[in-house]
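Q: sequence first, predicted coordinates after that:
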Amino acid sequence: MHTFSSKLWTYTLLLLCGGSGLASEPRTFEKDVRPILKAHCFHCHGESGVSEGSLDVRLRRWLVRGGDSGEAIVPGEPTDSLLLERVVQGDMPPEDKRLSEADISILREWIQQGATTAREEPESLDNGDYFTEEERSFWSFQPIARPPVPSIAAASIRNPIDAFIINRLRQHELELSPEADRRTLIRRLTYDLWGLPPDPQMVESFLADSDPAAYERLVDRLLASPRYGERWGRHWLDVAGYADSDGYTEADTEREFAYLYRDYVIDSFNHNLPFDRFIQEQLAGDEMGPSVAAAEELSPSRISQLAATGFLRMAPDGTASAAVDRDVAINESIADTLDIVGTSLLGLTVGCARCHDHRYDPISHADYHRFRAIFEPALDWKAWQPPKQRRRSLYTPAEREQKADIDRRLAVAEETLRKRKQEHLDRILHEELLVVPEDKRLLIKAAFEAKAAHRSPLQIALLEEYPSIASISPGSLYLYSNKRGRRADDIERVAAELETQFIERTQLERTASLPPDQQREFLSWLSATTATQNAQDRPRREAFAELVVTADSLKQFAPDRFGELKRYRDAAARCRELDANADLAKLDAEIKSIRALAPPEQFVRLLTEPPDHTPTTYLFLRGDHQQAGQACEPSELTVLKSASPTTIPHNDPQLPTTGRRLAYAKHLTNGQHPLVARVLINRVWLQHFGRGLVDSPGDFGYLGSEPTHPALLDWLATEWMQQGWDLKYMHRLILGSATYRQQSQRSEKRDRVDPENAWYARMSVRRLESEVLRDAILTVSHSMLHELHGPPVPVKEDAVGQIVLGREMLDGERKPTGDDSDFPGVSRRSVYIQVRRSRPLAVLETFDLPTVTPNCTQRSFSNVATQALMLMNSKFTTQQADLFAADLVRSNSEVAQQIAAAWQRCYTQDITPSVLDSLLAFVATQSDLFLARDNKLTAEVAHHKALASVCHALLSSNEFLYVD
């Protein structure tokens, strides 16, 4: 069995090495073996001082030395090497980290060849930052150098981009495709730069322009529009992890004023803010001007700089919740922030080194914490500020003084209200005590007035005996007032009944004293009408009137009965006096009117450092904040230092803050950094072509993709920096290339040689992103509301649990009480829709709306049945199809014109006669069917419904959903 196994491994090695590989390229520890051990074994055998079984596998000589079980490897003898035996048998490493067959083969081959190293090993690894030359020489860590443009003879070349692309295509015996037609190009351009379909008038104007520079003028027009900033700002907001809520907990608390960062991003793209400045302001906008705390008033430019630091406030943050472990939540928020910075600007998964050395990239555990130290003064976990404390009022000094005056008036009014409430409470307590036995009153009063935490058992028992007293509180005034009002009504009703009885009884008693004949005459007069009474002679009328008993005369004729009635009426009056509602409502109204005078206050959410705050950053062993190790000074990642040496200050005395973030931001944008320009220009390319030159835009490390066109990537990066980080210049350059202007038609040869279109022999067909699809539907239906900036359009859960647009209208049980889905703003662009982490808008989520946990470096595109169902059945699509049809009817009198216009809006193409005839027949047939089903319909309504069906079909088609 042993012999068979050895032969099998020998045969496998021969296959892997191609026969001659053993002699031509021997395996080395640094190049071939160490990466395997680092990914699978370092965690338990060498990292962070941990060496299980006394075995450290980080150096070749330590493998030879071995551990408690003896030598781990015997050079030249794979069968005698304990390490190989353990990995082959699956004993080590643990199941989730087991080596692949290919990795085991490399390990066996290396031992068989003598377990050699490429160079002499270091004496020790005490600082934990040992990286091999192989790791340091990885392509993305090398300085960016401007390569020469290939010398290519080709008529199709429009600019240097094409030379690089054609050079690579010819290596694969391919050429660029012909240029696309103008209709295709304008549709491609407007979706690229605006995220919207082109207006038919814009299309006709472009088609009619015979000037050779017409294309370039169109690009300039698109770049000059505010729509450009909304489109390209959205790309950056993905990378920044923009959200209008804190996430982390189920509450997903809303982030008030987060939208100012979104508006800053949109404005930055529209104003073509140089990208180096854009990065600096986001990392350190607060450090680029005077002290935030000391400033009396903020200028618009300073507000913009502070809003930019919202970039470092975008990570999920649950630290304001009482339901979480606060220290854990704080450190998670910091870690997410560092992840966002790492993936967005460096294109590295820095967070993988939070708990241990990065398994694949040369980023040590200590490196991570030195990187964290750059941001520590603003993100100090021991002096953490919850979200609502990290903001600054935008009041001017005049507004601040006005607000202070209003606050003074408000304090007086609120104190008056407080005293009045107390007066009502005292009266209620007094009345309630009247029903308590006299010997208990003082005891219960003392129990009521004592603080709950200090009440004795006797006091607690007394209050339990009289719950009506225990429940007296400012919050119960309304209930007490209603109760007293009802009691007053009851008393007055009884008093009215008694009054009637007392008057009648007293009247009978007075009448009984008269002689019988006078009694009859008086009673006859009393029951007569007023006119008859007045007809009597005056002496008799006056005599009879003096005998009449009324409420006013009851006191004279029956003092005791009047006194009893008065007691009832006094009791009712006391109840009325205790009715606090009207009294307090008046004071409440006064307070509201004072508050309404205050100027509206807006805040900017920002990140800054407290003055004179320089906390020490410690290395957290295994990422545990409760296990602090060595102190770490702020520093760039070790593997990047040699390319661009820099010093991050511990504390810059020239600034009101430490200056660490500003120094780092300038370092990243000084033109010497190996990653930043590459990572950012790769994203620009990605958005124009559907895939990046590096197909892993958030990971330029070992697990990421290598560039398909490394020379082009570096040429674009250097060109951008030489042009002052001017993004619109780069747009013009890329969009002006023949590579971009190609057709998208496929061919058998191109599909065979380059099935992924990685060499760009044609333009790739791309599906609209979720927000672009919604915006395109709003645009063709002429429903889009174009408004820049401002608070987000809110989202809510509807009656069936779907997330839709609308303000939340809930009852006491948090159930929907109304529908306001047609409120103003519902038709705004999708970039202005509230980003609630726990509430993605249903129509967007279906089409792969990214989740921001913590950010999104590359969108995914799926093709699933629910997408077709959403387009067919969603309320949004059906409503927009209806509005689309209505607008077509208003704009065009003829049915053929209506259909042709719909086709043009959706596809930027003229409809063919045969398709037009088919759709005309469909509309006619559908109209007849609608009329047959409902004889109450008019012909106009039936036609509208039929046309809406056509519109709905167009909006749901692949031709609408994709751009070629």
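A: Received the coordinates, thanks.
Q: would you map the strands across the stretch 801-950 of the chain?
A: 803-805 (DSSP state E, counting those that start in this stretch).
Q: where does it dip in pLDDT?
A: Scanning the stretch 801-950 of the chain for pLDDT under 70 picks out the ranges 810-822.
Q: in it, which spans are helices?
A: 842-845, 865-873, 875-891, 895-907, 913-933, 939-955 (DSSP state H, counting those that start in this stretch).
Q: which secondary structure elements does the third one contact?
A: Okay, so that is helix 875-891. helix 770-780, helix 895-907, helix 939-955 (3 or more C-beta pairs under 8 Å, 6 or more residues apart in numbering; DSSP states H and E). To be clear about C-beta, it is placed using only N, CA and C from the backbone, and glycine gets the same treatment.
Q: quick one: it to helix 865-873, angle?
A: With axes from the mean of the first three to the mean of the last three C-alpha atoms, to 10 degrees applied, the angle from helix 875-891 to helix 865-873 works out at 40 degrees.
Q: next: the longest one.
A: When the same axes, to 10 degrees is applied, the directions of helix 913-933 and helix 865-873 differ by 60 degrees.
Q: make 547 the starting number, not 1.
A: Noted, 547 is the first residue going forward, which turns the last one into helix 1459-1479.
Q: now tell me what touches helix 1459-1479 from outside.
A: The contact list for helix 1459-1479 (C-beta atoms under 8 Å, 6 or more residues apart in numbering) reads 1441-1442, 1445-1446, 1449, 1457, 1483, 1485, 1487-1489, 1491-1493, 1495-1496.
Q: pull it out as PDB, backbone CA atoms only.
A: Provided in PDB are the C-alpha atoms of helix 1459-1479 (Å, rounded to 0.1, in the frame of the first residue of the first chain):
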ATOM      1  CA  PRO A1459     -43.600  49.300 -40.200                       C
ATOM      2  CA  SER A1460     -44.300  45.600 -39.500                       C
ATOM      3  CA  VAL A1461     -43.900  46.100 -35.700                       C
ATOM      4  CA  LEU A1462     -46.100  49.200 -35.900                       C
ATOM      5  CA  ASP A1463     -48.800  47.300 -37.800                       C
ATOM      6  CA  SER A1464     -48.800  44.500 -35.200                       C
ATOM      7  CA  LEU A1465     -49.100  46.900 -32.300                       C
ATOM      8  CA  LEU A1466     -51.900  48.900 -34.000                       C
ATOM      9  CA  ALA A1467     -53.800  45.700 -34.400                       C
ATOM     10  CA  PHE A1468     -53.100  44.700 -30.800                       C
ATOM     11  CA  VAL A1469     -54.400  48.100 -29.500                       C
ATOM     12  CA  ALA A1470     -57.500  47.800 -31.600                       C
ATOM     13  CA  THR A1471     -58.200  44.300 -30.400                       C
ATOM     14  CA  GLN A1472     -57.600  45.100 -26.800                       C
ATOM     15  CA  SER A1473     -59.800  48.100 -26.900                       C
ATOM     16  CA  ASP A1474     -62.700  46.000 -28.300                       C
ATOM     17  CA  LEU A1475     -62.100  43.400 -25.500                       C
ATOM     18  CA  PHE A1476     -62.200  46.100 -22.800                       C
ATOM     19  CA  LEU A1477     -65.400  47.500 -24.200                       C
ATOM     20  CA  ALA A1478     -67.000  44.000 -24.500                       C
ATOM     21  CA  ARG A1479     -66.100  43.200 -20.800                       C
END
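Q: pull out the buried positions in it.
A: The neighbour-count check on helix 1459-1479 (16 or more other C-beta atoms under 10 Å) flags 1462, 1465, 1468-1469, 1472-1473, 1476-1477 as buried.
Q: before we move on, the earlier item: and the helices of the stretch 1347-1496 of the chain as TSV, adding distance to Ala881?
A: Converted to TSV, these look like this (distance: least, C-beta to C-beta, whole Å):
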stretch	distance to Ala881
helix 1388-1391	26
helix 1411-1419	34
helix 1421-1437	37
helix 1441-1453	45
helix 1459-1479	56
helix 1485-1501	42
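Q: relative to Gly1217, which of those helices is closest?
A: When the helices of the stretch 1347-1496 of the chain are compared by C-beta to C-beta, helix 1388-1391 sits nearest Gly1217, at 38.4 Å.
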